[in-house]
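> Predicted model, plus sequence, below.
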Amino acid sequence: MIKKQKISKRIFFFLIIFLFSISFLSLKSLKNIDVQNIKIYGSKLFTEKDIVDNSSLNIPTRLVFIKTKYIEKELKQNLSLKNISVRRQILPFGLIVLIQTRTPVAYGERVLNSEKISGFIDEDGFFLYKQHAEKETLESSSIEVFGWQEKSIKPLSEILTAHKNSEIDIIKIRFSPNGFLTLEEKDLNLILLGFNHTLVRSQLQIISKLKDYLSKNNLSEKIDNIDLTDPNSPKIKVFKP
């Protein structure tokens, strides 16, 4: 009997602690969050103000009402981030922001609302505004990208990967306003790839083979331009003496 009473008291005690903890945490989650309650990890490039200014986060606001997934989507797009995690935390109280930035590998230009904007390009083909790029991580790169557009991300990524793997040595990548793609290669000079960006992978394979063949036969110095708009019928123009 005495043993049962002791067990009952313990259960009652733990129940009180449990209910108190639940009440405490519930009250904490209803507390307003402010700028000083935002903690950023993973990058020193961004401030708490950047998080607020580039999202729909309207502070002060109650922690429990913050839509973390929606804010993640906004910040990833507006700050050109590779990845981001936003989570609510009660103890210690605050909003935790984990940031993974993109690494620039080339200089880039885009036109937005008739205005030319200079920035950087990462290895995945994404455009980074200067204020959103960890410039000290930019390796010595001579690659320049002109005319970046949203639809150029995938072909850009394939070209930059081929360059990284030493298959080709790219100097310039240019997208005209209507989408015509041209490359400037160190040994092969101007290369015309055209409008159909779905052909880029096969075109890059041809460029790599051509580069190897022309180099072995000491012919690359004679190349003026290469037309690969039709990969099945490459056209090579040489310098006329």
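Happy to help now that I have it. Residues are numbered from 1 along each chain as shown.

> May I have the distance across stretch 34-50, first residue to last?
For stretch 34-50, the first-to-last residue distance is 14 Å (CA to CA, to the nearest Å).

> and the closest residue to Val35 other than its chain neighbours, how far is that from Phe195?
Spatially, and ignoring its direct neighbours in sequence, Val35 is nearest to Glu48 (4.9 Å; CB to CB, 6 or more residues apart in numbering). For every residue, glycine as well, the C-beta is placed using N, CA and C. Note on Glu48: its distance to Phe195, by CB to CB, to the nearest Å, is 45 Å.

> Of the two, which one has the most company?
Glu48 (17 against 11; other CB atoms under 10 Å).

> give me phi/psi at that one?
phi -60, psi -40 (degrees, to the nearest 10).

> From His132, how far off is it?
In terms of CB to CB, Glu48 sits 16 Å off from His132.

> residues touching the residue nearest the centre of the chain, list them.
The chain has Lys82 as the residue nearest its centroid, 3.8 Å off, counting by CA atoms, centre = their mean. The contact partners of Lys82, taken as CB atoms under 8 Å, 6 or more residues apart in numbering, are Gln100, Thr101, Arg102, Asp122, Asp124.

> and if we set it to 10 Å?
Neighbouring residues of Lys82 by CB atoms under 10 Å, 6 or more residues apart in numbering: Lys76, Ile99, Gln100, Thr101, Arg102, Thr103, Asp122, Asp124, Phe126.

> Kindly report the same for Asn32.
Contacts of Asn32 (CB under 10 Å, 6+ apart): Ile59, Pro60, Thr61, Arg62, Leu63, Phe65.

> For it, give the beta-bridge partners.
Residues in a beta bridge with Asn32, per DSSP bridges, are Arg62.

> Domain boundaries for the protein, per the record?
If you go by automatic domain parsing, the domain ranges for the chain are 31-100, 104-238.

> rewinding a little: so the residue nearest to Val35 sits against Ile40, correct?
Yes: Glu48 is within contact range of Ile40, at 6.7 Å (criterion: CB atoms under 10 Å).

> got any residues that touch both of those two?
Common neighbours of Glu48 and Ile40 (CB under 10 Å, 6+ apart) are Leu95, Val97.

> surely Asn83 meets Thr101?
Yes: between Asn83 and Thr101 a contact is recorded at 9.0 Å, counting by CB under 10 Å.

> Name the residues contacting each of those two.
Common neighbours of Asn83 and Thr101 (CB under 10 Å, 6+ apart) are Gly42.

> out of the two, which sits in the more crowded spot?
Taking neighbours as other CB under 10 Å, Asn83 and Thr101 compare with Thr101 leading, 21 against 12.

> Quick check: next helix or strand after the helix or strand hosting Ile121?
Here Ile121 sits within strand 115-122, counting by DSSP states H and E. Sequence order places strand 127-129 as the next helix or strand after strand 115-122, per DSSP H and E.

> how far is that next one from where the chain is centred?
Averaged C-alpha coordinates place strand 127-129 at 8 Å from its chain's average position (CA atoms, centre = their mean, to the nearest Å).
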